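K.L.:
what's the 3D shape of this:
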Amino acid sequence: MKRQLLRRAAAILVLLALLLTLTACGRVHGAQRITGASTRFSPAELDAAMDTVVRHFLLHFEGCTLTELCYDEELSDRAAAEWAEQYGARDAIVLTSSFRVGAHSDGSLSPNTTYTRWQWILTCDIPGVWTLRTWGYG
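P.N.:
Predicted coordinates:
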């Protein structure tokens, strides 16, 4: 009986710790993904690039809410070759996003602010396998 109570208490503590960790991370639920037609990337490759950004946002943008993630081929093409060369990669992509910063963030972003046209630079050597290289205003 005592063992069962200890197990339940431990499980509850683990669950509470997990919930606290998740609430401290960035939020992406409801973020709109916008992609136009692409002559360079398949829909699956674009999804994979966006998934890479979303994972990073969830883990590292505490107190922020992603509202929009976009691929604009014309914008991306203007810088992709240069980024690919800089990182020695076969290809690169530039995505942009909009997100809101809450009252409490990690301190590197202005609280209660909306950021737009925030750039995410990714490279790949294997189609659909993206590495996030840098982000911010370009």
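
K.L.:
C-alpha only now, for contacts and for neighbours.
P.N.:
OK.

K.L.:
what's the weakest-modelled helix or strand in this structure?
P.N.:
helix 2-24 (a mean of 44; mean pLDDT, DSSP states H and E).

K.L.:
what's the helix or strand that comes right after that helix packed up against?
P.N.:
Next helix or strand after helix 2-24 toward the C-terminus (DSSP states H and E): strand 32-35. Under the contact definition 3 or more Cα pairs under 8 Å, 6 or more residues apart in numbering; DSSP states H and E, strand 32-35 sits against strand 64-71.

K.L.:
Just the residues contacting the host helix or strand of Val94, thanks.
P.N.:
Take DSSP H and E as the rule and Val94 turns out to sit in strand 91-101. With contact meaning Cα atoms under 8 Å, 6 or more residues apart in numbering, strand 91-101 is reached by 50, 63-72, 75-77, 79-81, 83-84, 109-125.

K.L.:
Filter those down to the ones in strands?
P.N.:
Applying DSSP state E to these, the entries found in strands are 64-71, 113-125.
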